[in-house]
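# Here is the input, now give the coordinates:
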Amino acid sequence: MAEAYGWSGKTLRTQRIMHSASGTTFLVPLDHSLADGPVSAAADFAGLVTAMAANDVDGIIVHKGRVRFLPTELLGRLALVVHLSGSTRHAPDADAKTLVGAVTEAVALGADGVSLHINLGSSNEAQQLADFGLVADRCARWGVPLLAMVYPRGPRIADPADPALLAHAANVAADLGADIVKLPFTGSSVTMREVVEASPIPVVTAGGGVIDDTGTFLNLIDSVMASGVRGVAVGRNIFRAPDPGKLARSVAQRVHAGLGSRKPLTPLDLALAGATVA
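Presented below is the predicted three-dimensional model:
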């Protein structure tokens, strides 16, 4: 019935995730606390999220239990993406991600989207792909955008930044029903553009390892955006920065570059953008 009126739940929620003027997105994953430990002191978490909302971040990614610690008044300014899979670094195989949440839980929490992590080449890749298919089906039923974090990572992967492998990862995400795919950066805007052009769905890149020098990090963001990706998802480099809000604003300016000279996108523009190559 929704489609008869020219809109759907996925379209409406995607408008919350993608910046309405630039059509790009800057997400800050804060889900690392499950895998690696706290991203901040408990008392500082609300302040960190507040800084993200105040500095043009488009959305945050957290696990379901973390939502209750978010300042609810800020969720009108930040898209909420609930992460549904995980593992800890203490596991026998930290690359073996397992489902720890459901789409229905995310909907009940008011999420704008959900995300899922898949490691191609992991020892339990088959189970991760099965979980992916299940989540994609639930997302289609509930009208929830799915961000798939698909990384070539495992004992048979020689080069996780290989453009051919990343293009394969992007197509795995598209074939199984994701709406956006998050990939590592190849290290070159030229080769990353090849990955973007091979992807049927929008690509956002991961922030990668921590870079202490701010200038070097921002140059990396410039290179990433020059490749034609639709945005970035940067966690550690933001929440471990001396001033997370200030650095977030600098990244946002680069991700949303030129938005002042562009007319706001209509719902139809956004729907079409979500169905085309980034």
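# This structure: strands as residue ranges?
Taking DSSP state E, the strands of the chain run over residues 25-29, 59-63, 79-83, 85-86, 98-99, 113-120, 146-152, 180-183, 203-206, 231-233.
# most tightly surrounded among the ones you listed?
With neighbours defined as mean count of other C-beta atoms under 10 Å, the strands of the chain peak in mean count at strand 180-183, which reaches a mean of 28. Every C-beta, even on glycine, is put in place using the N, C-alpha and C of the backbone.
# Would you mind listing the outside residues contacting that strand?
Here strand 180-183 makes contact (C-beta atoms under 8 Å, 6 or more residues apart in numbering) with 17, 115, 145-151, 166, 169-170, 173-174, 195, 199, 201-206, 230, 233, 274.
# can I get the CA coordinates of it in CSV?
Extracted in CSV, the C-alpha atoms of strand 180-183 (Å, rounded to 0.1, in the frame of the first residue of the first chain):
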residue,chain,number,x,y,z
ILE,A,180,24.3,0.4,1.3
VAL,A,181,27.6,-1.4,1.6
LYS,A,182,30.5,-0.3,3.9
LEU,A,183,33.9,-1.4,2.6
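# List the neighbouring strands of it plus their orientation.
strand 146-152 (parallel), strand 203-206 (parallel) (DSSP bridges).
# Which of those sits closest to Arg13?
Shortest distance between Arg13 and the strands paired with strand 180-183, using C-beta to C-beta, is found for strand 146-152: 10.4 Å.
# The closest one: how far from the chain's middle?
In terms of C-alpha atoms, centre = their mean, to the nearest Å, the centre of strand 146-152 is set 8 Å apart from its chain centre.
# Same question for stretch 226-240.
With C-alpha atoms, centre = their mean, you get 9 Å for stretch 226-240.
# What residues of that stretch count as buried?
By 16 or more other C-beta atoms under 10 Å, the buried positions in stretch 226-240 come out as 227-239.
# taking the residues you listed one by one, which sit in helices?
Counting by DSSP state H, these place Arg236, Asn237, Ile238, Phe239 in helices.
# which pair in those spans the largest distance?
Greatest spatial distance among those (C-beta to C-beta): Asn237 and Phe239, at 8.2 Å.
# and the spatially closest residue to Leu34 that is not a sequence neighbour, bridged to which residues?
Nearest residue to Leu34, sequence neighbours excluded (C-beta to C-beta, 6 or more residues apart in numbering): Gly86, at 4.6 Å. Gly86 has these beta-bridge partners by DSSP bridges: Thr98.
# So for Gly86, what pLDDT did the model give?
If you check Gly86, the pLDDT there is 90.
# And it, how far from Leu74?
Separation of Gly86 from Leu74 (C-beta to C-beta, to the nearest Å): 24 Å.
# And stretch 55-72, how far out from the chain middle?
Per C-alpha atoms, centre = their mean, the centroid offset for stretch 55-72 relative to its chain is 13 Å.
# Start and end of it, how far apart?
17 Å (C-alpha to C-alpha, to the nearest Å).
# Please apply the same query to stretch 140-153.
Stretch 140-153 stretches 27 Å from its first residue to its last (C-alpha to C-alpha).
# Same question for stretch 25-33.
Terminal-residue distance, stretch 25-33 (C-alpha to C-alpha): 22 Å.
# List of residues touching that stretch?
Defining contact as C-beta under 8 Å, 6+ apart, one finds that stretch 25-33 is touched by 17-19, 39, 48-49, 52, 56-63, 66, 79, 81, 83, 86, 115, 147, 204, 230-236, 238-239, 248, 251-252, 255-256.
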